[in-house]
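Novice: just to be clear, the model below is a prediction. Sequence and coordinates:
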Amino acid sequence: MENNSVAVLYSAGSDSSLVAIKMAKRFDQVHLLTFLRKGTHGTEHVLAGVKRLETHVNSPNKFVHQFIKTDKLLKFVMYERYWTHYRKHKKMVLSMCGQCKVSFHWRALIYCLENGIKHIADGAVRIANVYPEQNEVIMLNRLRQLYATFGITYETPIYEEGELTEQILYELRYSRNPKVKGQKDDLQFVCEQQVLYAMFLRSTLHKMPFEEFEKKMAAYYKEKLDMVEEMTKEYLEKGPDSRLAKLIEGPQES
């Protein structure tokens, strides 16, 4: 048991639930962060998931859950220097899911800095590496560097277990079925706009090898995360006078 806290990006899905359970074994307190923006829904499933985690670990004080709005951050991430990025990176600017996750990780970084949290984890898995935030080349390596710059350790503790997540939760007696994803029991926080990213993938991957796709996406997201690092440093120096201060929306305890 490490005598400190950890933050977990939490949707109440199988992957983030398994990460929360793993982190609960290592840390005194686990901050579950669920980010809200237009187009997302299922907050009732998140709240039910938190209660389920508390029952599973038999510790009502282990978890602290927060809903945090990110509409302003996402809008900024999507449109800052838009035409400059478009001329340089072309269609990559349409990869909305990645931009959304940049805003989530950015807000998670600020939350950790504000609360003195030195560890953070999420449910990224290799089998979902078409998504930028779950791909080592595109975003994960740069995310680790970003968090480390501010003294925070970022982990993806189930990255190689993506195909086993549901079975592990079943064996832990957390879930009643060994198959959950895509089934009626798959009750979690969701984004109705994922179809936009599916359309982006369909129009992009049939024209280029996956390695080229990774390279192009990595170049685009490096610039986004470089911007996050620069503006976060400015925020720590200037506080309310910084550009970032105007984009931060406060957490809402659940």
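Specialist: Noted; the coordinates are in hand.
Novice: okay, CA-based contacts and neighbour counts for the rest of this
Specialist: Will do.
Novice: now do the same end-to-end measure for stretch 231-246.
Specialist: By Cα to Cα, to the nearest Å, the extent of stretch 231-246 from end to end equals 12 Å.
Novice: in that stretch, what's buried?
Specialist: For stretch 231-246, the neighbour count (16 or more other Cα atoms under 10 Å) marks Met231, Thr232, Glu234, Tyr235, Ser242, Leu244, Ala245 as buried.
Novice: what kind of secondary structure is Ile120 in?
Specialist: strand (DSSP: H, G, I helix; E, B strand; the rest coil).
Novice: kindly apply the preceding question to Thr34 instead.
Specialist: strand.
Novice: from Ile248, how far off is it?
Specialist: 15 Å.
Novice: between these two, tell me which one has more neighbours.
Specialist: Thr34 (22 against 18; other Cα atoms under 10 Å).
Novice: is the more buried one in a bridge, and if so with what?
Specialist: Counting by DSSP bridges, Thr34 is bridged to Phe67.
Novice: number the residues from 8 up from this point.
Specialist: Understood, numbering begins at 8; the last thing we discussed is Thr41.
Novice: hmm, back to that, in helices, which of the buried residues of stretch 238-253 fall?
Specialist: Met238, Thr239, Glu241, Tyr242 (DSSP state H).
Novice: can you map out the strands along the chain?
Specialist: Using DSSP state E, the strands of the chain run over residues 9-16, 34-43, 47-48, 70-76, 126-128, 160-162, 197-198, 258-260.
Novice: can you get me a residue count around the residue nearest to Leu101 when sequence neighbours are not counted?
Specialist: Sequence neighbours aside, Phe207 is the residue nearest to Leu101 in space, at 6.8 Å (criterion: Cα to Cα, 6 or more residues apart in numbering). A count of nearby residues for Phe207, using other Cα under 10 Å, gives 18.
Novice: what does Tyr17 give?
Specialist: 28.
Novice: what about Ser18, neighbour count?
Specialist: 26.
Novice: wait, Tyr242 sits on Leu254?
Specialist: No - here Tyr242 does not reach Leu254: they are 10.8 Å apart, not a contact under Cα atoms under 8 Å.
Novice: got the contact list for Leu25?
Specialist: Gly130, Ile165, Thr172, Leu176 (Cα atoms under 8 Å, 6 or more residues apart in numbering).
Novice: quick one on the thing from earlier: just the ones in helices among the buried residues of stretch 238-253 now: which is nearest Thr156?
Specialist: Nearest to Thr156, judged by Cα to Cα, of these is Thr239 at 10.4 Å.
Novice: excluding sequence neighbours, find me the nearest residue to the closest one.
Specialist: That would be Leu251: by Cα to Cα, 6+ apart, it lies 7.0 Å from Thr239.
Novice: who's in contact with that neighbour?
Specialist: Leu251 sits in contact with Met238, Thr239, Glu241, Tyr242, where contact means Cα under 8 Å, 6+ apart.
Novice: the first one touches Lys253, doesn't it?
Specialist: No - with contact defined as Cα under 8 Å, Met238 does not count as touching Lys253 (11.6 Å).
Novice: hang on, the earlier thing: next one, pLDDT for the residue nearest to Leu101 please.
Specialist: You'll see Phe207 listed with a pLDDT of 92.
Novice: and stretch 25-35, what's its mean pLDDT?
Specialist: Mean predicted lDDT for stretch 25-35 stands at 96.
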